[in-house]
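# quick one: sequence and predicted model below, then my questions.
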Amino acid sequence: MINFFRKIRKKLADDNKLFKYGRYAIGEIILVVIGILIALSINNWNEDQKDRKAENEALINLKLEFDENQIKLDQLIEKRKTQEKQCRSYLNLITDDTIPIVQKIAANSPNTNIAVWGGINTVLNSLVNSGGIDRIQNDSLKVLLTNWPTLVDRFKHVEERFVESVKNLEEYENSIIPRAIVKEGNYSSAWPGNYYPISMANKLAPIRKDLIEDIKYYNLIANITQDIYIYLINAIPLRDDYKRISQLIIEELNNRGIQKMEN
């Protein structure tokens, strides 16, 4: 292409000998500028293609990572809902003066399983730390992803608070229950923490009665109930953001014809 322009420029210069050399020099400059612009355009196009390819790969990997985390979070949310219901019912039971103590002693304590979420954000953290997140063109998606690590850290602090409350309850229960009984085996779910053998139920009834009537025990159960409630307040919006991010990723990939994905 440059040779073509050069031939045209040379012919024009030959037609007017007075300005031949001036036109020739100007023509050379123009050709050089055109060549540079074409080279820059090609280079920019290549770089843009590389960025789009890297962005597409990042979006696919993010989708897979977010899907795995969302499944775990959904499972924990359902577990926490059950735990909160159990804790509230149990707290209402043991604090109700109209209910006989025998019924309170026989009641099962709530499940206080402390399984944690453990969300993994390897792909996202890599994008944020490397600046690769700037390649993402969808502004809404970019904002959500940029803010995501902060939301996750906040949620993990809520998780830690719940775990600490459960441990406080377990430590208190262990301080009340005789160690010799704990070691005898054949455990029953009738005692908070699954600690005592069925054959020891009658002997442990007075101990359990003292525990149930203890204001500290009330407070420990109440703290766990409150922490589960706070957990859900933070977990449900987090799950909703997961769905928003996932949907935006799907739309981006489908619009580009990269691959057909579904939620």
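Here it is on my side, so go on.

# what ranges do the helices span in the stretch 1-150 of the chain?
2-14, 20-94, 101-106, 122-130, 139-176 (DSSP state H, counting those that start in this stretch).

# can you report the mean pLDDT over the residues of the last one?
Averaged over helix 139-176, pLDDT sits at 88.

# determine the set of other helices and strands touching that helix.
With contacts defined as 3 or more Cβ pairs under 8 Å, 6 or more residues apart in numbering; DSSP states H and E, the packing partners of helix 139-176 are helix 122-130, helix 201-212, helix 215-255. Bear in mind the C-beta positions are built from the backbone N, C-alpha and C, glycine included.

# which pLDDT value belongs to the nearest residue to L169 once chain neighbours are set aside?
Spatial nearest neighbour of L169, chain neighbours left out: L220 (4.4 Å); criterion: Cβ to Cβ, 6 or more residues apart in numbering. Here, the pLDDT recorded for L220 equals 94.

# number of nearby residues for K216?
Other residues within reach of K216, judged by other Cβ atoms under 10 Å, total 12.

# give me the distance between it and Y172.
Between K216 and Y172 the distance is 7 Å, computed by Cβ to Cβ, to the nearest Å.

# over to I233?
For I233, the distance to Y172 - Cβ to Cβ - is 26 Å.

# mind checking which of those two has more residues around it?
For I233 versus Y172, neighbours defined as other Cβ under 10 Å are more numerous around Y172 (18 against 10).

# could you list every residue that touches the residue nearest to L169?
S165, N168, L169, Y172 (Cβ atoms under 8 Å, 6 or more residues apart in numbering).

# now distance to L145 too, for the residues you listed, in JSON lines please.
Putting these into JSON lines (distance: Cβ to Cβ, whole Å) gives the following:
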{"residue": "S165", "distance to L145": "32"}
{"residue": "N168", "distance to L145": "36"}
{"residue": "L169", "distance to L145": "37"}
{"residue": "Y172", "distance to L145": "42"}
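
# drop anything exposed from those residues.
For those, a burial check counting by 16 or more other Cβ atoms under 10 Å picks out S165, L169, Y172.

# which of the helices and strands packed on helix 139-176 has the lowest mean pLDDT?
Mean pLDDT per stretch puts helix 201-212 lowest among the helices and strands packed on helix 139-176, at a mean of 75.

# tally of neighbours for I36?
By other Cβ under 10 Å, neighbour count at I36 equals 10.

# next one: it from N43, what distance?
10 Å.

# looks like I133 contacts L145 (just checking).
Yes: between I133 and L145 there is a contact under Cβ atoms under 8 Å: 5.9 Å.

# now the common contact residues for those two.
Joint contacts of I133 and L145 (Cβ under 8 Å, 6+ apart) are L127.

# what about the two, which has more around it?
Comparing I133 with L145 by other Cβ under 10 Å, the one with more neighbours is L145, at 23 against 18.

# now do the same contact list for the more buried one.
L62, L124, L127, V128, I133, I136, I245.

# what's the farthest-apart pair in the residues you listed?
Pairwise distances across the contacts of L145 peak at 13.8 Å for V128 and I245 (criterion: Cβ to Cβ).
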